[in-house]
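K.L.:
for reference, the sequence and a predicted model appear below.
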Amino acid sequence: MANEPANRAAFDIQAGYCAAMDAPITARVCTALATAVDRESETGRRVLDWMGEPVADALALRLVGGLHALHRAGFDPALSAVFAGAETDLVRVAAALQATLVAQDAALLPWLDGPPQTNEAARSAGMMTGILHLAERYGPRFEVLEIGSSAGLNLLIDRYRFDLGGVNVGPDTSPVTIRPEWLGPPPPNAPVKIGSTRGVDIHPVDVADPNAAARLEAYVWVDAVERQARLAAAIAMVRDGGVDLAEGDAADWVEARLAEPQPGGVTRVLMHSVVWQYLPATSRERIRVAMDAAGARATVERPLGWVMMEPNRDLHRHEVRVRGWPGERPMELVALTHAHGAWVEGLSPPYETRDYVMRRGAYAKN
């Protein structure tokens with residue numbers, strides 16, 4: 001049964017996330033939408049009658065993405081004044097948004113059909129942090145498998161340049177350098193050589209298609225100028241060099257990839273970021289079982305690793321966790337990270353015995 005008050009409240013909740021992430025314009029848009037959404041448009045009716053869990057479904061960000069796309073296309077001066085931050089009065093902001101919902105109903109309605117397809121390249125800083133921990137254990141050579149790859153921007157992890165607390169990885173000539181603010185001890189200063197990267201997504205985004213790229217760009221908050229520039233550069237890298245990105249079910253794909261022969265002297269690593277929560281429970285269990293079985297077969301000559309950067313909803317933080325086989329060490333928390341990779345906090349062993357306090361406020365969902 002639809003819960004209109006809860007659906008409206010989801011916009012206020014998202015506004016809080018945005019404010020904590022230094023995104024005041026997007027926060028203001030979300031706050032205004034909590035009251036601006038009405039039943040004068042099909043889009044408004046669908047939002048208010050949403051049958052799912054609105055926060056988990058990222059309902060607010062679906063609609064904000066559509067509105068941002070209209071702003072980027074120059075649809076209306078009043079809407080652009082809102083997204084440019086020129087209009088800050090909440091009453092006038094709400095009026096502009098309400099008018100847009102009616103005037104652009106047909107254009108906005110499809111944005112509610114699926115969750116935001118964000119693909120933040122800077123999240124690869126967290127995953128490279130995990131790979132460095134595996135490199136210290138097993139050596140420098142890797143093949144990377146990624147689930148939930150979206151547009152494949154994190155499949156460029158072998159082509160980005162990283163500065164992680166003074167530990168440098170990747171080609172000096174890369175057009176994209178990922179240098180998060182670093183807190184705590186740096187990761188292991190181990191050499192990394194990634195021979196291949198492959199990924200899968202249930203609905204991959206083809207950034208060679210201008211419309212698909214524009215949709216991806218619309219999901220990046222208007223406040224995040226640095227993220228927008230990095231996204232444009234990463235899209236150009238995909239268009240120039242391509243990525244190995246398949247369409248398919250994550251569990252099916254992982255099982256098939258783990259069954260393939262593994263080169264000697266190479267660590268096969270599964271990585272993912274902000275995707276685990278979106279997989280069905282049955283898929284998560286299949287992947288766990290497949291990784292445990294492959295881990296039991298792993299040898300010093302053919303190791304296996306698992307690196308994840310996923311939100312901990314109970315503690316309201318994003319965590320980088322690592323497991324490697326062979327070895328008896330369980331999945332270990334090695335770093336905390338900003339949801340979009342703006343900062344990373346390296347942790348010291350023993351990784352699971354301290355109560356790490358979130359230092360940067362609440363985390364956004366997108």
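P.N.:
Yep, it's here.
K.L.:
wait, residue 51 sits on residue 6?
P.N.:
No - counting by CB atoms under 8 Å, residue 6 is not a contact partner of residue 51; they are 11.0 Å apart. Heads up, the C-betas are built off the backbone N, CA and C, glycines and all.
K.L.:
run the chain-centre distance for the helix or strand containing residue 215.
P.N.:
Assigned by DSSP states H and E, residue 215 belongs to helix 210-218. From the chain centre to the centre of helix 210-218 is a distance of 16 Å (CA atoms, centre = their mean, to the nearest Å).
K.L.:
thinking again about what came up before, which one of residue 51 and residue 6 has more residues nearby?
P.N.:
Regarding residue 51 and residue 6, a neighbour count based on other CB atoms under 10 Å identifies residue 6 as having more, with 14 against 11.
K.L.:
for that one, which three-state class applies?
P.N.:
Under DSSP: H, G, I helix; E, B strand; the rest coil, the three-state class of residue 6 is helix.
K.L.:
run through the residues that contact residue 201.
P.N.:
147-150, 245-248 (CB atoms under 8 Å, 6 or more residues apart in numbering).
K.L.:
now swap in residue 277 and tell me
P.N.:
56, 310-311, 313.
K.L.:
how about residue 104?
P.N.:
Counting by CB under 8 Å, 6+ apart, residue 104 has contacts 70, 75.
K.L.:
what about 6 Å?
P.N.:
Contacts of residue 104 were listed using CB atoms under 6 Å, 6 or more residues apart in numbering, and they are residue 70.
K.L.:
tell me the pLDDT of it.
P.N.:
Residue 104 is assigned 97 on the pLDDT scale.
K.L.:
try residue 328
P.N.:
In this model, residue 328 carries a pLDDT of 87.
K.L.:
could you tell me whether it really is in a strand?
P.N.:
No - counting by three-state DSSP, residue 328 is not found in a strand; it is coil.
K.L.:
ok, which stretches of the stretch 201-350 of the chain are helices?
P.N.:
For the stretch 201-350 of the chain, the helices defined by DSSP state H, counting those that start in this stretch cover 210-218, 225-241, 250-258, 281-297.
K.L.:
quick check: buried residues in the last one?
P.N.:
Spelled out, that is helix 281-297. 283, 286-287, 290-291, 294-295 (16 or more other CB atoms under 10 Å).
K.L.:
elements contacting it?
P.N.:
Helix 281-297 sits against helix 250-258, strand 304-312, with contacts defined as 3 or more CB pairs under 6 Å, 6 or more residues apart in numbering; DSSP states H and E.
K.L.:
and among these, the most buried is which?
P.N.:
strand 304-312 (a mean of 22; mean count of other CB atoms under 10 Å).
K.L.:
name the helices or strands packed onto that one?
P.N.:
By 3+ CB pairs under 6 Å, 6+ apart, strand 304-312 packs against helix 124-138, strand 267-273, helix 281-297, strand 317-325.
K.L.:
dump those to a markdown table, plus mean pLDDT and distance to residue 104.
P.N.:
Listed next are those as a markdown table, based on pLDDT from 0 to 100; distance: least, CB to CB, whole Å:
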| stretch | mean pLDDT | distance to residue 104 |
| --- | --- | --- |
| helix 124-138 | 98 | 35 |
| strand 267-273 | 97 | 32 |
| helix 281-297 | 97 | 36 |
| strand 317-325 | 94 | 34 |
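K.L.:
tabulate those in TSV, adding columns for distance to residue 82.
P.N.:
What follows is the helices and strands packed on strand 304-312, written out as TSV (distance: least, CB to CB, whole Å):
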stretch	distance to residue 82
helix 124-138	32
strand 267-273	30
helix 281-297	39
strand 317-325	29
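K.L.:
quick one: closest of those to residue 198.
P.N.:
Of all the helices and strands packed on strand 304-312, it is strand 267-273 that lies closest to residue 198, at 10.5 Å by CB to CB.
K.L.:
show me how far the closest one is from its chain's centre.
P.N.:
15 Å.
K.L.:
which residues sit against it?
P.N.:
Taking CB under 6 Å, 6+ apart as the rule, strand 267-273 contacts 123, 127, 134, 138, 142-148, 262, 303-309.
K.L.:
closest to residue 39 out of the helices and strands packed on strand 304-312?
P.N.:
helix 281-297 (34.9 Å).
K.L.:
mind showing which ranges of the stretch 201-350 of the chain have poor pLDDT?
P.N.:
For the stretch 201-350 of the chain, the stretches flagged by pLDDT under 70 are 350.
K.L.:
residue most distant from the centroid, this protein?
P.N.:
Farthest-out residue of the chain from its mean C-alpha position, per CA atoms, centre = their mean: residue 40, at 33.3 Å.
K.L.:
shouldn't that one be in contact with residue 101?
P.N.:
No - Residue 40 lies out of contact with residue 101 (CB atoms under 6 Å); the separation is 7.2 Å.
K.L.:
okay, and the common contacts of these two?
P.N.:
Common neighbours of residue 40 and residue 101 (CB under 6 Å, 6+ apart) do not exist.
K.L.:
need the nearest residue in space to residue 195, chain neighbours excluded.
P.N.:
residue 143 (5.6 Å; CB to CB, 6 or more residues apart in numbering).
K.L.:
quick one: classify the one you found as helix, strand or coil.
P.N.:
strand.
K.L.:
verify the contact between it and residue 196 for me.
P.N.:
Yes - Residue 143 is within contact range of residue 196, at 4.8 Å (criterion: CB under 6 Å).
K.L.:
these two: which has the busier surroundings?
P.N.:
Neighbour count, other CB under 10 Å: between residue 143 and residue 196, residue 143 has more, with 17 against 14.
K.L.:
report pLDDT for the more buried one.
P.N.:
For residue 143, the model assigns a pLDDT of 98.
K.L.:
so it bridges to which residues?
P.N.:
For residue 143, the beta-bridge partners under DSSP bridges are residue 196, residue 268.
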